[in-house]
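> Give me coordinates for this.
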Amino acid sequence: MDPVWALRQIAFQLERAGAPTYRVRAFRKAAGIIEGLSDDELSDRIARGTLTELAGIGKATAAVVNDVAAGREPAYFDRLERPALPDGGPLRAALRGDCHTHSDWSDGGSPIEEMAVAARDIGHEWMVLTDHSPRLTVANGLSAARLRQQLEVIAEINERLAPFRVLTGIEVDILDDGSLDQDEELLDQLDIVVASVHSKLRMPKIEMTRRMVAAVSNPLVDVLGHCTGRLVVGRGRPESQFDAAAVFEACREHGVAVEINSRPERLDPPRRLLRQAVELGCEFAIDTDAHAPGQLDWQPYGCARALECGVEPERVINTLTADKLLARR
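Take a look at the predicted model:
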């Protein structure tokens, strides 16, 4: 076992279980520090017991490294909560990628390449990077200039990780009038555009319906993200009110997939709306909306709900190869 792998695996499992961010960061930071040491320095520090003299290496992370060096499974593994995920069944096995993920370029916690490697390691062939658009300043949304810079970084990462592919994308805010929060010429260069409402979630039903229909009618939009905006844990947040039939009909007419958001605190849309979208003939994207590598493993939550509501694999765009996904545009 490699100590860097062990530290990152602990971080992955902590994220998967929803552990506090500071704890996850401690293990990811330690992994980066250990990775940067030469074999000789690492061996010397382990022998002399001086790992904790390095800034960013604490007792818990040093113990993991020492256990691995001694040929033991890290004792910290026994402390990890491993919540059982729902059975995603054959639908989860059919998924080739994730259309909605975030990196530290906006409000995610990890670099793009770290997200990509984690996606590859759980069996995906591709993932779409969809950091936020500029209006969402609280999430460090990407200006047009930063998004162009990100496209260059993704091209470099794809050279290193081939055949795995990071597809270019964005989670673009649906503005109050239904327009999109990014330069449309730039949006047209992206592989996948997820459009989501993040503001004025309690807009009156008629206005919200008009807003969402306008967005999904835009030929640049591929996926309608977390359509009700609800949160179902903690203090929660109620669903936005809109004419679901009108919105889902517009999605079907314009080839926009309705997202089945797998985040445990969202599970959006609710089952009654998901069944309605199925009956209306919509396509779907089962996505994690992951903001950290460990969250990429949450797709079974969405798969279980999809199976309950009669979603067939051939109507899920994540089952497509990257080339076939891009051919939908």
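> Could you use CA atoms for every contact and neighbour count after this?
Will do.
> what about the helices in this structure?
Remark: helices assigned in the chain by DSSP state H are 3-16, 21-35, 39-48, 59-69, 89-94, 112-121, 144-161, 184-187, 205-216, 244-254, 271-279, 299-308, 322-327.
> I'd like to know which of those is closest to I174.
helix 205-216 (6.5 Å; Cα to Cα).
> quick one: the closest one to chain centroid distance?
Remark: helix 205-216 is offset 25 Å from the chain centroid, using Cα atoms, centre = their mean, to the nearest Å.
> Poorly predicted segments of the stretch 51-200 of the chain, please.
Along the stretch 51-200 of the chain, segments meeting pLDDT under 70 are nowhere present.
> before we move on, the earlier item: possible to save the helices of the chain as CSV with mean neighbour count and distance to Y76?
Below are the helices of the chain laid out as CSV (neighbours: other Cα atoms under 10 Å; distance: least, Cα to Cα, whole Å):
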stretch, mean neighbour count, distance to Y76
helix 3-16, 22, 8
helix 21-35, 18, 11
helix 39-48, 13, 18
helix 59-69, 19, 7
helix 89-94, 16, 29
helix 112-121, 20, 21
helix 144-161, 14, 30
helix 184-187, 13, 44
helix 205-216, 20, 47
helix 244-254, 19, 47
helix 271-279, 17, 38
helix 299-308, 22, 26
helix 322-327, 13, 38
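> Distance to D131 added to those, as a markdown table?
Listed next are these as a markdown table, based on distance: least, Cα to Cα, whole Å:
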| stretch | distance to D131 |
| --- | --- |
| helix 3-16 | 19 |
| helix 21-35 | 19 |
| helix 39-48 | 36 |
| helix 59-69 | 30 |
| helix 89-94 | 24 |
| helix 112-121 | 10 |
| helix 144-161 | 9 |
| helix 184-187 | 13 |
| helix 205-216 | 18 |
| helix 244-254 | 22 |
| helix 271-279 | 25 |
| helix 299-308 | 18 |
| helix 322-327 | 19 |
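> right, and those helices - which one's nearest D289?
Judged by Cα to Cα, the one of the helices of the chain that comes nearest to D289 is helix 299-308, at 9.4 Å.
> how about the CA coordinates for the closest one, as CSV?
Extracted as CSV, the C-alpha positions of helix 299-308 are listed here (Å, rounded to 0.1, in the frame of the first residue of the first chain):
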residue,chain,number,x,y,z
GLN,A,299,-24.6,8.4,-8.0
PRO,A,300,-26.4,5.3,-6.5
TYR,A,301,-28.7,7.8,-4.7
GLY,A,302,-29.9,9.1,-8.0
CYS,A,303,-29.9,5.7,-9.6
ALA,A,304,-32.2,4.2,-6.9
ARG,A,305,-34.7,7.0,-7.3
ALA,A,306,-34.6,6.7,-11.1
LEU,A,307,-35.3,3.0,-10.9
GLU,A,308,-38.2,3.6,-8.4
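> Mind listing residues that contact it?
When contacts are defined by Cα atoms under 8 Å, 6 or more residues apart in numbering, helix 299-308 is touched by residues 85-89, 91-92, 260-264, 267, 271, 274, 286-288, 312.
> Name only those of those residues that count as buried.
Buried by 16 or more other Cα atoms under 10 Å: 88, 91-92, 260-264, 267, 274, 286-288, out of those.
> Of those residues, which belong to strands?
Among those, DSSP state E puts 260-261, 286-287 in strands.
> Now tabulate those in CSV and tack on pLDDT and distance to I170.
Shown next, in CSV, are these (pLDDT from 0 to 100; distance: Cα to Cα, whole Å):
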residue, pLDDT, distance to I170
I260, 98, 17
N261, 98, 16
I286, 98, 16
D287, 98, 14
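> can you list these in TSV and add distance to R235?
Conversion of these to TSV gives the following (distance: Cα to Cα, whole Å):
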residue	distance to R235
I260	22
N261	19
I286	25
D287	24
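> what's the closest of those to V194?
D287 (10.7 Å).
> V117 and F12, how far apart?
For V117, the distance to F12 (Cα to Cα, to the nearest Å) stands at 12 Å.
> can you tell me how far A19 sits from I10?
11 Å.
> same thing with Q241?
40 Å.
> again, but for Q182
Q182 is 37 Å from I10, by Cα to Cα.
> M203 - how many residues pack around it?
15 (other Cα atoms under 10 Å).
> thought it was touching S240?
Yes: contact criterion Cα atoms under 8 Å: M203 and S240 qualify, at 7.4 Å.
> List the buried residues of stretch 158-175.
Taking 16+ other Cα under 10 Å as the criterion, stretch 158-175 shows 158, 164-175 as buried.
> Show me how far that stretch is from its chain's centre.
On Cα atoms, centre = their mean, the centre of stretch 158-175 falls 11 Å from the chain's centre.
> Same check on stretch 187-194?
For stretch 187-194 - counting by Cα atoms, centre = their mean - the centre lies 16 Å from the chain centre.
> And for the chain, the residue most distant from the center?
The C-alpha centroid of the chain is most remote from R48, which lies 40.8 Å away (Cα atoms, centre = their mean).
> Provide a list of residues in contact with that residue.
If you count contacts by Cα under 8 Å, 6+ apart, R48 has none.
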